[in-house]
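> I would like to see how this sequence folds:
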Amino acid sequence: MAHILIIDDSPTDAYLVKNMLESQGYQTTEASNGEEGIQKAKDIKPNLIIMDVVMPGLNGFQATRKITKSPETSHIPVVIVSSKNMESDKAWGIMQGAKDFLVKPVEQKQLLDVVKKLLS
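Predicted structure coming up:
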């Protein structure tokens with residue numbers, strides 16, 4: 001089954017996403033900030049990354065750009081899941097290399113549909 005990296009500084013949000021994914025058989029790893037997420041992406045080469053935006057230090061837009069522009073990790077699709085829901089935020093996320101942008105609180109069906117689409 002696919003391995004998904006969850007990058008989110010909120011333990012509650014990370015836990016909810018982790019449960020949604022693991023209930024469908026996906027393996028998950030968590031990172032609590034952008035820097036840690038980039039390092040784990042390089043180390044474990046997950047099949048997909050779920051990325052929060054608002055985090056201390058490197059934010060999710062910056063981390064997404066680094067992951068999607070690095071030859072080492074550019075093949076890994078990134079889905080931004082954020083409480084930011086302005087059209088400009090979504091457009092900026094896609095410009096940084098994200099494959100999709102979902103708004104928190106994300107519904108399980110919506111998340112799983114996007115994950116399945118990107119992993120197929």
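> what sits closest to Lys90 if chain neighbours are left out?
In space, and not counting its chain neighbours, Lys90 is closest to Phe101: 4.4 Å by CB to CB, 6 or more residues apart in numbering. To be clear about C-beta, it is placed using only N, CA and C from the backbone, and glycine gets the same treatment.
> please apply the same query to Gln39.
Distances taken as CB to CB, 6+ apart place Ala31 nearest to Gln39, at 7.7 Å, with adjacent residues excluded.
> and if you look at Val106?
Among residues not flanking Val106 along the chain, Val81 sits closest, at 5.3 Å (CB to CB, 6+ apart).
> tell me the contacts of Met20?
Applying CB atoms under 8 Å, 6 or more residues apart in numbering to Met20 gives the contacts 106, 108, 111-112.
> what pLDDT does it get?
On pLDDT, Met20 comes in at 98.
> and it, how far from Leu102?
Using CB to CB, to the nearest Å, Met20 is found at 11 Å from Leu102.
> repeat for Gly60
12 Å.
> what is the subsequent helix or strand relative to the helix or strand encompassing Ala14?
Assessed by DSSP states H and E, Ala14 sits inside helix 11-22. Sequence order places strand 27-31 as the next helix or strand after helix 11-22, per DSSP H and E.
> rewinding a little: what do Met20 and Leu102 both touch?
Leu111.
> before we move on, back to that, so the residue nearest to Gln39 sits against Ile4, correct?
No: Ala31 is beyond contact range of Ile4, at 11.5 Å (criterion: CB atoms under 8 Å).
> ok now do the nearest residue to Gly97 once chain neighbours are set aside, which residues does it touch?
Nearest non-adjacent residue to Gly97, counting by CB to CB, 6+ apart: Thr68, 2.7 Å away. By CB under 8 Å, 6+ apart, the contact set of Thr68 is 74, 76, 78, 96-98.
> show me where this protein has strands.
Ranges of strands within the chain are 3-7, 27-31, 48-51, 78-82, 100-103, based on DSSP state E.
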